[in-house]
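Engineer: Got a sequence here, can you build the structure:
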Amino acid sequence: MQLFRKKSYSTVKVRKKDIPDGLWTKCPSCTEIVFKQELDAGRNVCPKCNYHFPLGRKERLAMLVEEGSFEEWDADLYSVDTLGFTGTASYVSKLKENVEKTGEKDAITCGRAMMGRCPVAIAVMDFSFLGASMGSVVGEKVTRLLEHATELKLPAIIVCASGGARMYEGMLSLMQMAKTSAAAARHGSAGLPYITVLTHPTTAGVMASFATLGDVIVAEPGALIGFAGPRVIKETTQQDLPEGFQRSEFLLKHGLLDIVVPRKELKKTLVLLLDYMMGIKQEA
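Structural biologist: Numbering: from 1, shown residues only. A predicted model of the protein is given here:
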């Protein structure tokens, strides 16, 4: 009769196999679960829906410039708490936290490198450092990059990403808009090309200054680009916004952008632009 008795499993302990963290990532666009290794191999682009995940500054530079050619400029600059800002957390503690998290001193890396056969002054912003907010150091490094490029007669490329001004620095942060714009104007007056690449998100003071002053303005697909966020605009105007408002494709259609380029084609496109603008003949 033991064979026909229903077994009780209430006391049986089922052990869950340990799975290492970070193997899978959920795409915020299509909600599919993507294998992290597959995502890394595809330059952080979702293989299911083509959503462009954020890309760190080191990965971005490795993707764009020739191997071993990058020479960093002004790596010793770091932010200080000039205003003695205090809130829910002090500016000093925020800076320390982000330096430890990223291993970088601020939200932008600048330098000189080769792209194809063209030497170029290049900067990459990193959203993981305080939302790539523009404080005095970001503004100073962008200005110096453009000034170095002007002096050395180099084209300049800035890969932009930002949540806006750095509120911890108040008016000092807002002053960077005028300073960087003036440096871009001097670089342009010297007859040198300036290309900006807008990634998700590029907003507020960065978008309203050096990010949209390029001779050619490039953007990655689906990037949020605008001064104020869509929610703020909708609440202010009390109107429904058009579908895709402030996204790359919408802005391309309405004339703000020159071209929208998928990440896997970005380097090739930039090299072609540089060769054309600098008069470098294509190899047969």
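Engineer: residues contacting residue 256?
Structural biologist: Contacts for residue 256 (CB atoms under 8 Å, 6 or more residues apart in numbering) come out as 212, 217, 225. Every C-beta, even on glycine, is put in place using the N, C-alpha and C of the backbone.
Engineer: Isn't the first one up against residue 196?
Structural biologist: Yes - with contacts defined as CB atoms under 8 Å, residue 212 counts as touching residue 196 at a distance of 7.0 Å.
Engineer: quick one, which of these two is more surrounded?
Structural biologist: residue 196 (26 against 19; other CB atoms under 10 Å).
Engineer: How much space separates the more buried one from residue 206?
Structural biologist: Noted for residue 196: a distance of 10 Å to residue 206, by CB to CB, to the nearest Å.
Engineer: What of residue 87?
Structural biologist: Distance from residue 87 to residue 206, by CB to CB: 22 Å.
Engineer: Which one of these two is surrounded by more residues?
Structural biologist: Each of residue 87 and residue 206 has its neighbours counted (other CB under 10 Å); residue 206 has more, 32 against 9.
Engineer: Please name the nearest non-neighbouring residue to the more buried one.
Structural biologist: Counting by CB to CB, 6 or more residues apart in numbering, residue 206 lies nearest to residue 162, which is 3.8 Å off, once chain neighbours are set aside.
Engineer: shaky segments in the stretch 151-284 of the chain?
Structural biologist: Applying pLDDT under 70 to the stretch 151-284 of the chain flags the ranges 242, 244, 282-284.
Engineer: can you pull out the helices in it?
Structural biologist: For the stretch 151-284 of the chain, the helices defined by DSSP state H, counting those that start in this stretch cover 171-189, 204-207, 230-237, 248-253, 266-277.
Engineer: Quickly compare those helices and say which is most buried.
Structural biologist: Sort the helices of the stretch 151-284 of the chain by mean neighbour count, taking mean count of other CB atoms under 10 Å, and helix 204-207 sits at the top with a mean of 25.
Engineer: what packs against it?
Structural biologist: strand 156-162, helix 171-189 (3 or more CB pairs under 8 Å, 6 or more residues apart in numbering; DSSP states H and E).
Engineer: Pipe those into CSV and attach distance to residue 67 per row.
Structural biologist: Listed next are those as CSV, based on distance: least, CB to CB, whole Å:
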stretch, distance to residue 67
strand 156-162, 17
helix 171-189, 27
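Engineer: okay, now residue 81: neighbour count?
Structural biologist: Going by other CB under 10 Å, the residues that sit close to residue 81 add up to 15.
Engineer: need the contact list for residue 273.
Structural biologist: Counted by CB under 8 Å, 6+ apart, residue 273 has contacts 193, 195, 216.
Engineer: Okay, and which of the residues you listed map to strands?
Structural biologist: 195, 216 (DSSP state E).
Engineer: With respect to residue 117, which of the contacts of residue 273 is nearest?
Structural biologist: Using CB to CB, residue 193 comes nearest to residue 117 of the contacts of residue 273, at 14.6 Å.
Engineer: correct me, but that closest one touches residue 156?
Structural biologist: Yes - applying CB under 8 Å, one finds residue 193 in contact with residue 156, separated by 7.4 Å.
Engineer: which of these two has more neighbours?
Structural biologist: Using other CB under 10 Å, the more surrounded residue of residue 193 and residue 156 is residue 156, with 28 against 21.
Engineer: That one: what's it in contact with?
Structural biologist: Contacts of residue 156 by CB under 8 Å, 6+ apart are 120-123, 145-146, 149, 187, 192-195.
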